[in-house]
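*Asks:* what would the 3D arrangement of this be:
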Amino acid sequence: MPEHVAVFTATAGYRHDSIGAGVAALAGLAAAEGLSVRHTEDPRELERQLANRCAAVVFLSPTGEVLDDDARRALRAYVTGGGGFLGVHAATCAEYDWPWYGELTGARFTGHPAVQTAAVTVEDRDHPATAHLPREWEWTDEWYDFGASPRGAGVRVLASVDEGRYEGGTMGADHPLVWCRRVGAGRSFCTALGHSESAYADPDFRAHLRGALLWSAGRAHE
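*Replies:* Presented below is the predicted three-dimensional model:
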């Protein structure tokens, strides 16, 4: 069984200050499950890790066009062949000129208002990433807007945000934040949460990441 998780954080646009905290949090969560984390911002190294059948690949707040053609082919082959992908926060802000990546993540980031507190509606608590959360979870974050809702055939929406509880949302009544789906023989999980460094020290958010990571790695089942 694969024993490492590949964490990719390359940025060609805005770079989140929370990336370091996110990598450290993922390393701690993985270690507790007997997994190691191999962190890289080099697409060639990512390609090598994917070829070695890592337990899961995490795209932690990448931005812009960060993969070369070989890394793109490796990522697609890895996921469709049975691997697990976990996109955290700005994962929807990368690879805009690669249509398949948009299919993998399920949505494309278009903007966000100022960081503020809102109410996360946990729609599905039968998943390891959300089972610990209350039906309504008060949380402070960057509330990402997307060009279209990922909700649709084959997509399991786990949590959404109530735009009536904060200022600046653009998606209306259907504003998913967390979802998962099958991609070929593999798995894709995306959470738009995780903007601030403090998020990665929060017990509820860490439990959310842990459940998402274990599901993506095929080690936890809903």
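
*Asks:* beta-bridge partners for residue 186, please?
*Replies:* Assessed by DSSP bridges, residue 186 has beta-bridge partners residue 183.

*Asks:* part of a strand, is residue 206?
*Replies:* No - per DSSP: H, G, I helix; E, B strand; the rest coil, residue 206 lies outside any strand segment and is helix.

*Asks:* isn't it right up against residue 200?
*Replies:* Yes - assessed by C-beta atoms under 8 Å, residue 206 is found in contact with residue 200 at 6.9 Å. Every C-beta, even on glycine, is put in place using the N, C-alpha and C of the backbone.

*Asks:* joint contacts of those two?
*Replies:* By C-beta atoms under 8 Å, 6 or more residues apart in numbering, residue 206 and residue 200 have these common neighbours: residue 25.

*Asks:* neighbour count: the two, which is higher?
*Replies:* residue 200 (23 against 16; other C-beta atoms under 10 Å).

*Asks:* list the contacts for that one?
*Replies:* 18, 21-22, 24-25, 194, 206, 209.

*Asks:* make it 10 Å
*Replies:* By C-beta atoms under 10 Å, 6 or more residues apart in numbering, residue 200 lies in contact with 18-26, 28-29, 60, 88, 194, 206, 209.

*Asks:* so what pLDDT did residue 220 get?
*Replies:* Residue 220 carries a pLDDT value of 86.

*Asks:* excluding its backbone neighbours, what's nearest it?
*Replies:* Excluding its sequence neighbours, the residue lying closest to residue 220 (C-beta to C-beta, 6 or more residues apart in numbering) is residue 214, at 3.6 Å.
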